[in-house]
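A.B. asks: Generate a structure from the sequence data that follows.
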Amino acid sequence: MGHHHGHQHHHHTENKKVLFWGFLIIFSFMIVEACGGYFTNSLALLSDAGHMLSDAASLGLSLLAFKMGERKANQYKTFGYKRFEIIAAFINGLALVIIALFIFFEAYQRFSAPPEVGGSMMFIALAGLIVNIIVFGMMSKGDSKENLNIRSALLHVAGDLLGSVGAIIAGLLIYFFGWNLADPIASVIVSALILVSGYRITKDAAHVLMEGKPDGIDMKKMKALLEELDGVVEIHDLHVWSITNEFPAMSCHLVVENDIDRDVLLQVAAEQILQTFNISHCTLQLEGVHADIHDSCDNCN
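C.D. replies: From the prediction side, this is the model:
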């Protein structure tokens, strides 16, 4: 248990450092890009700057979530503030969806009247791309598989990166072929990708907020495992959920034979659940066979 926790904590500080630097770099560059877009009359740059603003905001939010998550548990928040990172991811995902729809709308208007775009937008877009690649590189060293919060921040940066690539390609096509439609086409493709990832993040976060079952866990298998334990007659009221992606929990009622050693059973059951499903937070309630506790059990009635 201690080892597992230490491993998490290391990732945690790593993640925080990466987010902090990412936030600083992107925020500074966002200001550069906004000015550039204003002076070269390029909507592609301005929308990219807007994208960067949301990006900086999402990194800031993820950072805040990690800071919040460190706060100790108290009598009002008995699990502490770890869940805040899921809320942050949810807001981030939602923001991605809204940005994507907004870009669709912008592009739709540009299809009918493609504006003139200055050639110097290219250089700024290129600089933006480099900045994004640096931050993306830094962040993919983070632990994004487990952590939804980092994953949502990473997707913001990735969407931003794609936006810059789109702007550059569009810039080249406009510059060499005078093909102004390239600009809205590029933004539509990019926003479609952003929409998909935004939807996925929002869905994952909502699943955790709805106390959904963690991905890798097979309920039938868990039920069977508990029912096979010595002295267990039947099980009911089995719940598996997660506080955050890295913190799964379960609770369950076990109806047991009256003459068994309950302490031993508890220990064996908890150990099995830790070994098989890697859940260290498990709450088991043991009931004797003839106890009438069942009547008060909502889930069983």
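A.B. asks: where are the low-confidence patches of the stretch 151-300 of the chain?
C.D. replies: Counting by pLDDT under 70, the stretch 151-300 of the chain has low-confidence residues at 291-300.
A.B. asks: can you do 80?
C.D. replies: Counting by pLDDT under 80, the stretch 151-300 of the chain contains low-confidence residues at 151-153, 155-156, 159-160, 162-164, 166-187, 189-191, 193-194, 230-231, 244-246, 289-300.
A.B. asks: What ranges does it have for its helices?
C.D. replies: 182-209, 219-227, 262-277 (DSSP state H, counting those that start in this stretch).
A.B. asks: Could you single out the most deeply buried of these?
C.D. replies: For these, the largest average neighbour count (mean count of other C-beta atoms under 10 Å) is found in helix 182-209, namely a mean of 20. Any C-beta I mention is one placed from the backbone N, CA and C, and that applies to glycine too.
A.B. asks: picking that back up, next, format the helices of the stretch 151-300 of the chain as CSV and append distance to A249.
C.D. replies: Listed next are these as CSV, based on distance: least, C-beta to C-beta, whole Å:
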stretch, distance to A249
helix 182-209, 11
helix 219-227, 13
helix 262-277, 10
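A.B. asks: A57 is nearest to which of those?
C.D. replies: helix 182-209 (14.1 Å; C-beta to C-beta).
A.B. asks: Tell me which other helices or strands that closest one touches.
C.D. replies: Contact partners of helix 182-209 among helices and strands, from 3 or more C-beta pairs under 8 Å, 6 or more residues apart in numbering; DSSP states H and E: helix 43-69, helix 84-112, helix 148-177.
A.B. asks: one more time with 6 Å, if that's ok
C.D. replies: On a contact count with 3 or more C-beta pairs under 6 Å, 6 or more residues apart in numbering; DSSP states H and E, helix 182-209 meets helix 84-112, helix 148-177.
A.B. asks: Out of those, which gets nearest to I124?
C.D. replies: Per C-beta to C-beta, nearest to I124 of these: helix 148-177, 8.8 Å.
A.B. asks: What is that closest one packed up against?
C.D. replies: helix 43-69, helix 84-112, helix 121-140, helix 182-209.
A.B. asks: which of these sits most buried?
C.D. replies: Most buried among the helices and strands packed on helix 148-177, given mean count of other C-beta under 10 Å as the contact rule, is helix 43-69, at a mean of 23.
A.B. asks: State the mean pLDDT of it.
C.D. replies: Across helix 43-69, the average pLDDT comes to 73.
A.B. asks: The residue nearest the centre of the chain and T202, how far apart?
C.D. replies: In the chain, the residue lying closest to the centroid (C-alpha atoms, centre = their mean) is L148, at 2.7 Å. Counting by C-beta to C-beta, to the nearest Å, the gap from L148 to T202 is 11 Å.
A.B. asks: where in the stretch 1-150 of the chain is pLDDT low?
C.D. replies: In the predicted model of the stretch 1-150 of the chain, residues 1-19, 26-59, 61-63, 65-82, 103, 106-107, 109-125, 128, 138-150 satisfy pLDDT under 80.
A.B. asks: Could you export the helices and strands packed on helix 148-177 to TSV, including columns for distance to I243?
C.D. replies: Shown next, in TSV, are the helices and strands packed on helix 148-177 (distance: least, C-beta to C-beta, whole Å):
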stretch	distance to I243
helix 43-69	10
helix 84-112	8
helix 121-140	24
helix 182-209	8
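A.B. asks: Any idea which of the ones you listed gets closest to L286?
C.D. replies: Per C-beta to C-beta, nearest to L286 of the helices and strands packed on helix 148-177: helix 182-209, 28.7 Å.
A.B. asks: That closest one relative to helix 148-177, how many degrees between them?
C.D. replies: Interaxial angle, helix 182-209 versus helix 148-177 (axes from the mean of the first three to the mean of the last three C-alpha atoms, to 10 degrees): 170 degrees.
A.B. asks: Which residue is the nearest non-sequential neighbour of L53?
C.D. replies: Spatial nearest neighbour of L53, excluding adjacent residues (C-beta to C-beta, 6 or more residues apart in numbering): M30 at 5.4 Å.
A.B. asks: Report the secondary structure element holding that neighbour.
C.D. replies: Secondary structure from DSSP states H and E places M30 in helix 2-40.
A.B. asks: neighbours around the closest residue to R262 other than its chain neighbours, how many?
C.D. replies: Closest residue to R262 in three dimensions, ignoring its sequence neighbours and counting by C-beta to C-beta, 6+ apart: L286, at 5.2 Å. L286: 18 surrounding residues under other C-beta atoms under 10 Å.
A.B. asks: Sweet, I'm off.
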